[in-house]
Every structure is written in C-alpha cells, then in structure tokens.
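Visitor: Need a 3D model of the following:
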Amino acid sequence: MKTWEDWKSYRRFTKLPPRDRNIVFYSETYQDWHHLQPLIDFLIERLSRPVCHVTSEPTVALPSVGRGGLHAFRIRAGAVRTWFFQMLKADVLVLTMLDLGNFHLKRSIHPVRYVYVFHSMGSTHLVDHEDSYDHYDSLLCVGPHHIAEIRRREQLKGLTPKHLVAHGYPRLERLIEVARAHPREPSGGTTALLAPTWGEQSILHVCGEALIAALLAADIRVIMRPHYQTARLAPQLVQRLITRFGGDPRFRHVDRMEDSASLLESDLLVCDWSAMAIEYALGLGKPVLFVDVPPRVRNPKFAELGLEPMEMRIRRELGTILPLDRLADAPRHVAELRRGAEDFRKRTTTLRDEWVFNVGRSVEVGAREIARIADERAGAGASGAPRGAGRRQVGST
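Guide: Residues are numbered from 1 along each chain as shown. Below you'll find the predicted structure:
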C-alpha cells in the first residue's frame, strides 16, 4: 500500500507543468526541514516562485500543505524514490542529503542542477566521506572554511570546479533571534546541556553514566539531549540513563533535537566532536566543555588537504577539553567556564563574523541564488546549452 501511495505521489509530480518543476527541494526526514524551509518560504513569499517539496519523512505531516505556490509530495525510501532520483525532470534540485551518486540515489539521466545546502557548520573532510560532495553542481557554503576545503580537494583530485556560494547558516541566525527574544533569567546554580554526537565513540556510549553522575553530584543540573540517531540506533542506552537518573529532579531528558528551550535554559554545552557546538557557542555566546572521546572520522585521508577541520579548531577556541581519565574534574571546568562567560560572549561575536557568511541575511542570499540558478538552467534548457554553461562563481577562491 505504501509503495502504491508513493507511486501516486510520483505520478502527480510528473504531471506538473515544467514551470512548477523549475525549483524542487528534497528532504530525507523532518530534521532536514529546519534547513530547507526558510529558503522555501522566501522563494514563495518574497520572490513569488512556485516550489516543489518532495520528502521521504514517513510520519510527520507534509510541510505547509495548502499554501499557494507550494506543491508537496511524500515519496518514502524504496524503489519509487530511487526511480524518482534517476528519472527526475526539473531545472534545480535543492537538498541537504550527503553522498549524492555514491550509493543508490544517483543524479538524474536528465539535465538537472544539484544544489547542496549544508546542515552542519562543521568541515567537509573529517566526519563525511572523502567524496561526499563531489557530485553536486553548487554548494551553499556556511563560511570560508567550506570554500577552502572544497577548492583544495578539487585541486588535489583534478575535479571540475563547483559553483560555490558564500551563503551562511540560517539555523544560526534563528538561534541568535530566539536568544535575543528570550533573555535568560538568573536561576541560581548551573545547568549543563549534554548534547553529544552519535555513534559508538560518543559521550553517551563511552562515559555518559559516569559524567552525568559527576555533574549531578556537584549540584549541576543536567539536560540530556541525545542525537536523534542515538535515539534510533541505541534506544536501550538512552532508556538506561533515564532509568538511572530520571528520579533526580536536577536531571531532564529532551527527545527533540529542534527543542530550543533546553538551549536557552543551559549555561554551557557538554559535547564531544559535534559541530553543534559551533551553533551553540556562536548563537548563544555560551562556552563548551568538550569531552575527549575518540573523534568520529569517516574520511581517514582528511589530513591530505592540509587544512585543520573545524571540529578540531573549535576545541581550542570555544571552551575547554575534558580528558576521559579526569571525568571527576568536570565540575571544576564547568565552574571555570562560567566565571569567564562574559569575556567568552564578546569573543564569539568576533568569531561569528570570521567564520560565517552573511549573518542576518543568509536566507535571502541563498534563496535569490537558487532562483538565479533555476532561471539559468531553464534558459539553458530552452536554448539547448549544455548543463552548467555560463556559471557564475560566487564567493569562490
């Protein structure tokens, strides 16, 4: 039945006139909507552009159904989705899915421009595969580090230069706005947000129980916010920690990564190698305690680029590193970070401008560039020009 429903969605998509398939967005899950929805909204509301949003999210209601200018479709993971990618007829496909072309989801046999939107402020060459970004035409880059990394790989591997856009990170801007609208009231005591990355080497797997116990023993409130992949792949681990600490009024479990209340309530972040630390520190002006678990490396050749990944750099600039054999020192480091909070907040304002493009206007920049690419592609299609002809390099080096 689900396959039939997906097929009906696909058929409905193919029957749209070409002008309504000029700009297509694809999201794998609900988590992607946070990064794509602001761009969709600007295109529809400010630029009056029709947009298609195809999602494989299996349960959450389709985004903004019924809005003028938006066509929404659900095509879940499976054979129909694979066919959709391979046979797609559109001018532009905007997505935040890594590894296009590396596995079963390939580029279309038809001329489509593929625009990648970053869903992380981290680097491209440590926690992602070596070739994760090779098959996109355009990348909406968060900051100068993305441009430097992509260009270096192109040089080393002899790849065709991509169209790189000096975009920014709308999610960071939303966090800044939320923090300004809800200034934190002094509550007495300290609240730590424990929000690590996922995988066998993450905090919750390696030392979560001991770390939480050490913080609570020092009367530090703990909000545990597991990565959604941890909740999906290791639910028994999460439940074990809830069972152990759930009776303590100073402990709270949050199961929604998009929850902003936990960010605002906390005084500092406790994490490992998660690039979420960049969002937290630059968006809220609050420090980070990095637990020194082994790094999650999916590209063992990352050093070939000769560029330090942001995941490593931030550990020096956004907080303090806690060695695994010194977990008992966590409360002391928390106290030290709290004492330097005001100086830290001022420094992150400077870092924000250095590390991120177009703070305060990234949605407009990204949406207008997507519209320009779509118009260029539509014009090339009408004239018979080859895909990618006449590209403009934006924000490139």
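Visitor: need the strands for the protein, in chain order.
Guide: 23-27, 51-55, 70-74, 92-95, 113-117, 138-141, 163-166, 191-194, 221-224, 251-253, 268-271, 288-291, 319-322 (DSSP state E).
Visitor: can you put those strands in TSV and add mean pLDDT, distance to residue 181 and mean neighbour count?
Guide: Yep, even glycine has a C-beta here, placed from its N, CA and C like the rest. Putting these into TSV (pLDDT from 0 to 100; distance: least, C-beta to C-beta, whole Å; neighbours: other C-beta atoms under 10 Å) gives the following:
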stretch	mean pLDDT	distance to residue 181	mean neighbour count
strand 23-27	98	27	26
strand 51-55	97	27	24
strand 70-74	96	27	19
strand 92-95	98	28	26
strand 113-117	98	25	24
strand 138-141	98	26	26
strand 163-166	98	27	22
strand 191-194	97	19	24
strand 221-224	97	20	22
strand 251-253	97	22	18
strand 268-271	97	20	26
strand 288-291	97	23	24
strand 319-322	96	25	20
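Visitor: list the buried ones in the longest helix along the chain?
Guide: Longest helix in the chain, counting residues (DSSP state H): helix 362-383. Neighbour-count burial for helix 362-383 flags 362-367, 369-371, 373-374, 376-378, 380-381 (criterion: 16 or more other C-beta atoms under 10 Å).
Visitor: List the residues that contact the residue nearest to the spatial centre of the chain.
Guide: Closest to where the C-alpha atoms of the chain average out (C-alpha atoms, centre = their mean) is residue 119, at 2.1 Å. Counting by C-beta atoms under 8 Å, 6 or more residues apart in numbering, residue 119 makes contact with 31-32, 35, 96.
Visitor: could those residues be laid out in CSV, adding neighbour count and pLDDT?
Guide: Output for the contacts of residue 119, formatted as CSV (neighbours: other C-beta atoms under 10 Å; pLDDT from 0 to 100):
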residue, neighbour count, pLDDT
31, 15, 87
32, 20, 94
35, 21, 95
96, 21, 98
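Visitor: ok, those vs residue 265, which is closest?
Guide: Checking those against residue 265 by C-beta to C-beta gives residue 31 as the nearest, at 21.7 Å.
Visitor: Distance of the closest one relative to residue 220?
Guide: 29 Å (C-beta to C-beta, to the nearest Å).
Visitor: Go through the least confident helix or strand in the chain by mean pLDDT and flag the buried ones.
Guide: Least confident helix or strand of the chain, by mean pLDDT, DSSP states H and E, is helix 228-233 with a mean of 88. Within helix 228-233, the residues scored as buried using 16+ other C-beta under 10 Å are 228, 230-231.
Visitor: again, but for stretch 170-177
Guide: 170-176.
Visitor: Show residues contacting it.
Guide: Against stretch 170-177 from outside (C-beta under 8 Å, 6+ apart): 34-35, 38-39, 121, 260, 263, 279-280, 282-284, 352, 356, 359-360, 362-363, 366.
Visitor: send the alpha carbons of that stretch over as CSV?
Guide: The C-alpha coordinates for stretch 170-177 follow below in CSV (Å, rounded to 0.1, in the frame of the first residue of the first chain):
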residue,chain,number,x,y,z
PRO,A,170,20.1,30.3,8.7
ARG,A,171,19.8,28.0,11.6
LEU,A,172,22.5,30.0,13.5
GLU,A,173,20.5,33.2,12.8
ARG,A,174,17.3,31.8,14.1
LEU,A,175,19.2,30.8,17.3
ILE,A,176,20.5,34.3,17.7
GLU,A,177,17.0,35.7,17.2
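Visitor: Give me the mean pLDDT for it.
Guide: Regarding stretch 170-177, the rounded mean pLDDT is 95.
Visitor: now it, how far from the chain's geometric center?
Guide: Centroid separation for stretch 170-177 versus its chain: 12 Å, with C-alpha atoms, centre = their mean, to the nearest Å.
Visitor: got it, and stretch 176-187?
Guide: 23 Å.
Visitor: one step back: now do the longest helix of the chain: everything it contacts.
Guide: 22-23, 38-39, 41-43, 46-47, 49, 91-92, 94, 111-113, 115, 117, 138, 140, 163, 165-170, 173, 357-358, 385-387, 389-391, 394.
Visitor: let's see 6 Å
Guide: For helix 362-383, contacts defined as C-beta atoms under 6 Å, 6 or more residues apart in numbering pick out 22-23, 38-39, 42-43, 47, 49, 91-92, 94, 113, 140, 165, 167-168, 170, 358, 389.
Visitor: Let me see the contact set for residue 40.
Guide: 25, 51.
Visitor: Could you rerun that using 10 Å?
Guide: 23, 25, 27, 33, 49, 51-53, 63-64, 67, 69-70, 72, 94, 367, 370 (C-beta atoms under 10 Å, 6 or more residues apart in numbering).
Visitor: Check residue 288 too.
Guide: Residue 288 neighbours (C-beta under 10 Å, 6+ apart): 193, 195, 268-271, 274, 276-278, 280-281, 314-315, 317-321, 337, 344.
Visitor: Could you rerun that using 8 Å?
Guide: 268-271, 277, 280-281, 314, 318-320, 337.
Visitor: sorry, back to before: could you tell me the angle between the longest helix of the chain and strand 51-55?
Guide: 100 degrees (axes from the mean of the first three to the mean of the last three C-alpha atoms, to 10 degrees).
Visitor: ok, the residue nearest to residue 79 when sequence neighbours are not counted to residue 288 distance?
Guide: Leaving aside its chain neighbours, residue 79 sits nearest to residue 3 (7.1 Å; criterion: C-beta to C-beta, 6 or more residues apart in numbering). Distance of residue 3 to residue 288, computed by C-beta to C-beta: 45 Å.
Visitor: Repeat that for residue 251.
Guide: Residue 251 is 20 Å from residue 288, by C-beta to C-beta.
Visitor: Quickly list the domain ranges of this structure.
Guide: 2-169+359-383, 178-355 (automatic domain parsing).
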